[in-house]
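**Q** Fold the following and give me the result.
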Amino acid sequence: MELLLLSNSTNHGRAYLEHALDTVTAFVGAGAALAFVPYALADHDAYTRVVREALEPRGITVRGVHASGLDGADAVFVGGGNSFRLLRDLYRTGLRDELRDAVRGGLRYMGASAGTNMACPTLRTTNDMPIVQPPSFDALGFVPFQINPHYIDPRPGDTHMGETREQRLAEFLECNDVPVLGLREGTWLRVSDDAATLGGPLDARLFRRAEPPRELPAGADVSFLLTAPAAFDA
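**A** From the prediction side, this is the model:
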């Protein structure tokens, strides 16, 4: 499988996908037809226009799957927004099973934020509020580990009394024995068959049960995660 999993689609002070535009263009391919999945936001047409305006100057044709499906697409992009709404609509439309078959059959998959969550076995490491209830937490399962997009480090001296992201992921690991890759803003994971590499300017953070968090340097080969065994609490 060919996957490009972005932590985020918009970096502070930059246009949509601008921070990763060269990587995205190389992955999708100039002149390619891209099917965009807008289900994580409510206005599908408006969301598709945003993606079209970002990518068509690079020679990429963008069509919304809500209008055109996957037929004729060279790649698919699942956009960010609310992960629970996205997964619900993947089930509701039948696109979840269609995507799983198409990507495993060679269709290139790009996700950002919620779309990156969908590439994991479940959506259990999303940051989103459950505004709707999907029929299952089971996502697409293109990688055998979990990802936490938009990973934010604990801030020394912060007076906010809520849980840090690190604490929430520790709670996840108390109930699920599966690695979690924290992708900081502006970074991504590139998977090509049995190889996985970190992209972007910042390190990633790896969480495992009963181990301290581990920093993984930008550009690191993390292919070992593709064979990581996973045990989820029922």
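**Q** Residue ranges in the chain under the pLDDT threshold?
**A** The chain contains residues with pLDDT under 70 at 157-162, 234.
**Q** residue ranges for the strands of it, please.
**A** For the chain, the strands defined by DSSP state E cover 2-6, 33-37, 61-64, 75-78, 108-112, 146-151, 180-184, 188-192, 195-199, 204-207, 214-216.
**Q** mind checking which of the ones you listed is nearest A231?
**A** Evaluated with CB to CB, the strands of the chain place strand 146-151 nearest to A231, the distance being 11.9 Å. Every residue, glycine included, has its C-beta placed from N, CA and C.
**Q** Neighbouring strands - and their directions - for the closest one?
**A** Sheet pairing of strand 146-151 (DSSP bridges) gives strand 180-184 (parallel).
**Q** was I right about D128 contacting L87?
**A** No: taking contacts as CB atoms under 8 Å, D128 lies outside contact range of L87: 10.1 Å.
**Q** quick one, which of those two is more surrounded?
**A** Comparing D128 with L87 by other CB atoms under 10 Å, the one with more neighbours is L87, at 28 against 17.
**Q** these two touch, right, the more buried one and P134?
**A** Yes: L87 is in contact with P134 according to CB under 8 Å; the separation is 4.3 Å.
**Q** who touches both of those two?
**A** Taking CB atoms under 8 Å, 6 or more residues apart in numbering as the contact rule, L87 and P134 both touch L123.
**Q** what comes up buried for stretch 32-47?
**A** For stretch 32-47, burial by neighbour count (16 or more other CB atoms under 10 Å) applies to A32, A33, L34, A35, F36, V37, P38, Y39, A40, L41, H44, Y47.
**Q** Determine which two of the residues you listed are furthest apart.
**A** Pairwise distances across the buried residues of stretch 32-47 peak at 23.1 Å for A32 and L41 (criterion: CB to CB).
**Q** dump the residue contacts of L169.
**A** Contacts were defined as CB under 8 Å, 6+ apart; by that measure L169 touches T125, N148, V180, G182, F207.
**Q** sorry, back to before: could the buried residues of stretch 32-47 go into TSV alongside distance to A139?
**A** Shown next, in TSV, are the buried residues of stretch 32-47 (distance: CB to CB, whole Å):
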residue	distance to A139
A32	25
A33	24
L34	21
A35	18
F36	18
V37	13
P38	17
Y39	13
A40	13
L41	18
H44	20
Y47	20
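**Q** From E185, how far off is the nearest residue to L216 once chain neighbours are set aside?
**A** Spatially, and ignoring its direct neighbours in sequence, L216 is nearest to A204 (4.6 Å; CB to CB, 6 or more residues apart in numbering). The gap separating A204 from E185 is 11 Å, by CB to CB, to the nearest Å.
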